[in-house]
Structures are given as C-alpha cells and as structure tokens.
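Asks: Next comes the sequence, and after it the predicted model I'd like to discuss.
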Amino acid sequence: MPGGRLTQPERQQIALGLADGLAYAEIARRLDRPTSTITREVMRNGGPTDYRADLAHRATARRARRRRQAAPRGPQAPAQAHGRDAEAVREYEEMFTTVLTQAGTPTMMSRVLVCLYTTDAGSLTASELVQRLQVSPASVSKAIAFLEGQGLVRRERDERRRERYVIDDDVWYQAMMADARGTAHVAETARAGVNVLGPGTPAATRLENIARFVDFVSENIARAAEQAREVLHTKPDTTSGGTTRRYV
C-alpha cells in the first residue's frame with residue numbers, strides 16, 4: 001500500500017529493520033514503500049537510534065488530531081508552486097525541522113530556518129513567517145535574532161522598504177568554517193593543559209592526543225569546506241531518474 005499511511009505493524013517492521021542495521025532503502029523495499037517515506041518516518045520520530053514503533057504511531061495520531069482541530073488557514077495560505085504536493089512539503093518540513101533540532105538548533109529557530117530554506121525566493125518578511133508558521137511575531141523576532149547572531153540569516157530591505165530575512169547561498173560554508181574555528185579553539189585549550197598537568201603524565205598525554213585529533217578534524221573540515229564551496233553556487237547535476245548526483 002505505497003500510497004497509504006503507515007500502519008502500526010509496518011512501524012514495527014521499521015524498528016526491527018533499524019535494529020538489524022538495515023538501510024532505509026532496504027526497509028522500504030521490504031515494505032513496498034518509497035524510501036522517502038521511511039526516511040521521513042524515522043527522522044521525525046527520534047532518528048535511527050531512538051525510533052520506537054509504538055511511540056511513533058501515537059505521535060502520528062496526535063499530529064493528525066492537531067491538524068484536524070487546527071483552524072483552516074483560509075485564502076491567505078500560500079499556494080504551493082511548481083505543482084508541489086502540499087502534504088508532502090509539510091511532512092518534509094517537519095522532518096527537516098526534527099533533524100536540525102536533533103543537531104542542537106532550538107525548535108523555533110529550526111522551524112524558521114526550514115521555512116526560509118524551502119522558500120524559492122530564499123527570503124521572507126516577518127509577517128510572512130508568522131502566517132506560514134502560525135506563531136506570534138515575538139516568536140519570529142526571537143528566532144531571527146538567534147539565527148542572525150549565528151550568521152545563518154541576514155536582514156535586507158526590499159523595494160517596499162519592508163525588512164526581509166534572507167538565507168545566503170554561503171550560509172553552510174560560513175557555518176562549517178565557524179565550526180572549524182571553534183574546534184581548533186578546543187585543540188588549543190586541550191594543548192594548554194599539557195604543561196599544567198606535566199608533560200608525559202597520563203592526563204597530559206590524553207590532552208595532547210585530544211588536541212592532535214581535534215587539530216586534524218578542524219583542518220580537514222576547513223579544507224573540505226573550501227574545496228566544496230563552489231557546490232553552493234552551482235546547479236546540481238540530476239540523473240535521468242531524478243536524483244541528484246552527490247559530490248565526493
């Protein structure tokens with residue numbers, strides 16, 4: 001039943017597949033489901049390590065009840081461009097938000113970020129964000145202040161002098177470089193403890209090894225980000241099957 005909602009037995013099979021270390025594609029093949037369905041299901045319900053079939057089934061039921069109880073958005077709700085499936089887009093946005101939240105970004109900030117990422121223009125006004133997310137202006141303002149402080153969004157004025165919040169194509173490059181700098185600082189701090197604890201002692205050796213490891217990781221993050229930066233400014237190659245070629 002590729003087009004229907006996942007059943008509880010199917011969720012149990014997903015949990016068993018994850019426990020056996022199966023890839024999403026293999027689980028999908030066994031259930032005769034699209035791989036994207038399995039990916040969304042797992043990532044919006046705890047990820048591969050914390051997925052629980054019963055919890056996922058109850059959470060899905062709760063989300064369905066909330067959607068039924070929610071007031072209709074009416075004619076002001078933004079229409080989906082390019083013939084997109086509104087339900088599929090909504091589910092994808094929920095999954096992406098969950099992934100960012102699990103990576104450490106606060107939930108409201110993740111929702112705003114995903115909203116901007118999935119907008120063709122790459123920018124929205126505060127009122128547009130309020131309407132799309134159905135939250136208060138104060139929540140949007142707080143989220144934007146956080147994201148701006150992290151260098152993930154910027155502000156600009158449009159032709160009507162409205163303030164817009166913009167996602168730069170370079171945002172992931174800047175984030176990776178900031179991560180590399182932060183990691184390098186950890187290495188410096190670990191190495192500073194070597195003399196304090198006495199070179200050659202077990203504690204100092206441990207810190208020196210941490211510093212060497214973190215140095216190697218941060219240098220490679222920075223090098224990889226520089227090498228891949230142009231990918232952020234090019235149109236991805238797409239295979240005949242509609243999948244995007246990965247850069248390695």
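Replies: Thanks, I have it. Small disclaimer: the values here were computed from a predicted structure and weren't measured.
Asks: In space, not sequence, find me the middle residue of the protein.
Replies: With distances taken as C-alpha atoms, centre = their mean, residue 100 lies nearest the centre of the chain, 3.5 Å away.
Asks: and that residue, how far is that from residue 16?
Replies: The spacing between residue 100 and residue 16, counted by C-beta to C-beta, to the nearest Å, is 28 Å. Heads up, the C-betas are built off the backbone N, CA and C, glycines and all.
Asks: same deal with residue 147?
Replies: Residue 147 is 39 Å from residue 16, by C-beta to C-beta.
Asks: Who has more neighbours out of those two?
Replies: Ranked by neighbour count (other C-beta atoms under 10 Å), residue 147 and residue 16 place residue 147 first, with 23 against 13.
Asks: Helix or strand with the lowest mean pLDDT in the protein?
Replies: helix 53-69 (a mean of 76; mean pLDDT, DSSP states H and E).
Asks: tell me the angle of the next helix or strand after that one relative to helix 53-69?
Replies: Once helix 53-69 ends, the next helix or strand along the chain (criterion: DSSP states H and E) is helix 86-102. If you take axes from the mean of the first three to the mean of the last three C-alpha atoms, to 10 degrees, helix 86-102 sits at 130 degrees to helix 53-69.
Asks: by contact count, what packs against helix 86-102?
Replies: helix 35-43, helix 47-50, helix 107-117 (3 or more C-beta pairs under 8 Å, 6 or more residues apart in numbering; DSSP states H and E).
Asks: Buried residues in that helix, which are they?
Replies: If you call a residue buried by 16 or more other C-beta atoms under 10 Å, then helix 86-102 has these buried ones: 91-98, 100-101.
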